[in-house]
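J.: pasting the sequence and the predicted coordinates here, then a few questions.
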Amino acid sequence: MYHRKQVLTESENESLFLWGARQTGKSTLLKELFPDALWFDLLLSDVYERLLRNPSILRETICEGQYKDIIIDEIQRIPELLNEVHWIITHLPVRVIMSGSSPRKIIRLNTNLLGGRALRYELYPLICQEIPDFDLLKALNNGLLPRHYLSASPKKLISAYVGNYLRDEIAGEAKIRNVANFSRFLESAAFSNGEMVNYTNIASDCGVSAVTVKEYFQILEDTLIGRYLPAYQKKPKRRVITAPKFYFFDIGIVNHLLKRGRIEFGSELFGNAFEHFVYNELYAHSNYSEKDYPIYYWRTASQIEIDFVLGNNDVAIEVKATNNAQPKHLKGLKYFSEEYSVKQLILVCNEPLPRISDGIRILPWKIFLEELWAGKIMQ
């Protein structure tokens, strides 16, 4: 079992929501942390039907027993239960832990969100620090959902995940009438992974309107399947691009949607997957560390770009697949440092040893991630 890093460590006795896409490991984590909890698993048809017909059974059961921790798994399936949860955490000395794959349904129905009485956490796919003997190529090819990463042959697992969950379940939850259009959108969006989003071009590829494409992207964000990376726009001297980028939550999902072949060091496919991997590590660190620093990208109208800007231009990061960094790889970071006062300029790459060139730290990816999770990058 993997030891999930810094998740729920500050929850103490507070009730909470734990969100995360399917198969990120929410149920496994909760069973580890709360082995004596009373469970209500809403994926079980008998439990689901019983509570759907009569939500008050939840309150009545808890009032009758001597329970300290209550877990309601897949809470989004019965949003009406949140009224009962509200009463329970207000009147009883218990902690209610609610987990689910997506808060979209609850938010869209304007359901009782407990008025700040429950903390919110999110669980992501595995990060490198959670995996003994971490294998970068395995991560880039399989993705980092625990079941997929562990598999010696994950293609069928990922195919089932995309088909059963992304195409069917999410489309059903979002009440998308034309699943075929949504399926084409997923593939087109994968081609835009890590790139600036062009709604018009994607709409043309999918045979739908740009408005519909925006709605589809919003569905992916609401269901935790992807997220926007905004452009950094603070008082630029140069004219900058303002369109956001978009990243899927897992590399393996993108590989499947793009029908990528085997990713190897030095291959054409390696660079994009490597950048995606570093972004997911940064995003997870921002949240797990509770520093919650924003992440941006920066690009000028003249096509000068750096991959990631952390915080208030605290750290600028460029990700390159090279094992021999050249001056051309540092150009974007140098331009950015001319416009902004930056605490650290970092090139993450495949070089074997760290070094400094013109004030820019050139770091092997392993050392960069060790420093990131040790709190030495964003202090």
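T.: Received, thanks. Numbering: from 1, shown residues only.

J.: would you agree R104 is in contact with G172?
T.: No - using C-beta atoms under 8 Å, R104 is not in contact with G172, being 11.8 Å away. The C-beta positions use only the backbone N, C-alpha and C, and glycine is treated the same way.

J.: so which of those two has more stuff around it?
T.: The neighbour comparison of R104 against G172 (other C-beta atoms under 10 Å) goes to R104, with 19 against 10.

J.: ok, that one - contacts?
T.: Counting by C-beta atoms under 8 Å, 6 or more residues apart in numbering, R104 makes contact with Q76, E173, A174, I219, D222, T223.

J.: can we see that at 6 Å?
T.: Applying C-beta atoms under 6 Å, 6 or more residues apart in numbering, we find R104 in contact with D222, T223.

J.: again with L369
T.: Contacts of L369 by C-beta under 6 Å, 6+ apart are C128, E281.

J.: name the element it belongs to?
T.: Per DSSP states H and E: L369 is located in helix 365-373.

J.: and for A316?
T.: Going by DSSP H and E, A316 is in strand 315-319.

J.: just checking, what packs against that strand?
T.: strand 305-310, helix 327-339, strand 344-349 (3 or more C-beta pairs under 6 Å, 6 or more residues apart in numbering; DSSP states H and E).

J.: give me the helices and strands touching the first one, please.
T.: In other words, strand 305-310. strand 295-299, strand 315-319, helix 327-339.

J.: can I get the ones you listed in TSV including mean neighbour count and distance to R239?
T.: TSV is the format used below for these (neighbours: other C-beta atoms under 10 Å; distance: least, C-beta to C-beta, whole Å):
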stretch	mean neighbour count	distance to R239
strand 295-299	21	10
strand 315-319	24	19
helix 327-339	17	12
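
J.: nearest to I71, out of those?
T.: Evaluated over the helices and strands packed on strand 305-310, closeness to I71 peaks at strand 295-299, with 31.4 Å, by C-beta to C-beta.

J.: need the pLDDT of Q233.
T.: At Q233, the model reports a pLDDT of 88.

J.: for it, give me phi and psi.
T.: Reported as degrees, to the nearest 10, the phi and psi values for Q233 are phi -130, psi 20.

J.: tilt between the helix holding L369 and strand 344-349?
T.: Between helix 365-373 and strand 344-349, the angle comes out at 140 degrees (axes from the mean of the first three to the mean of the last three C-alpha atoms, to 10 degrees).

J.: buried ones in helix 365-373, by neighbour count?
T.: Neighbour counts over helix 365-373 (16 or more other C-beta atoms under 10 Å) mark W365, F368, L369, E371, L372, W373 as buried.

J.: let me see the domain layout of the chain.
T.: Domain assignment for the chain, taken from automatic domain parsing, gives 15-123, 129-373.

J.: let me see the mean pLDDT of the strand holding A316.
T.: 98.

J.: shaky segments in the stretch 251-379 of the chain?
T.: For the stretch 251-379 of the chain, applying pLDDT under 70 flags no range at all.

J.: secondary structure element holding N181?
T.: Counting by DSSP H and E, N181 is part of helix 179-191.

J.: for the record, mean pLDDT for that helix?
T.: The average pLDDT for helix 179-191 rounds to 91.

J.: now for that helix, which elements pack on it?
T.: Looks like helix 179-191 contacts helix 199-206, helix 251-258 (3+ C-beta pairs under 6 Å, 6+ apart).

J.: circling back: can you put the helices and strands packed on strand 305-310 in TSV and add distance to L51?
T.: As requested, those are exported to TSV (distance: least, C-beta to C-beta, whole Å):
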stretch	distance to L51
strand 295-299	39
strand 315-319	46
helix 327-339	53
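
J.: out of those, flag the one nearest I62.
T.: strand 295-299 (40.0 Å).

J.: hey, C-alpha coordinates of the closest one in PDB?
T.: Extracted in PDB, the C-alpha atoms of strand 295-299 (Å, rounded to 0.1, in the frame of the first residue of the first chain):
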ATOM      1  CA  ILE A 295       0.500  28.200 -11.000                       C
ATOM      2  CA  TYR A 296       0.600  30.000 -14.300                       C
ATOM      3  CA  TYR A 297       2.400  29.800 -17.700                       C
ATOM      4  CA  TRP A 298       3.900  32.800 -19.400                       C
ATOM      5  CA  ARG A 299       4.100  33.400 -23.100                       C
END
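
J.: and the contacts of it?
T.: With contact meaning C-beta under 6 Å, 6+ apart, strand 295-299 is reached by 229-230, 232, 241, 245, 282, 305-310, 336.
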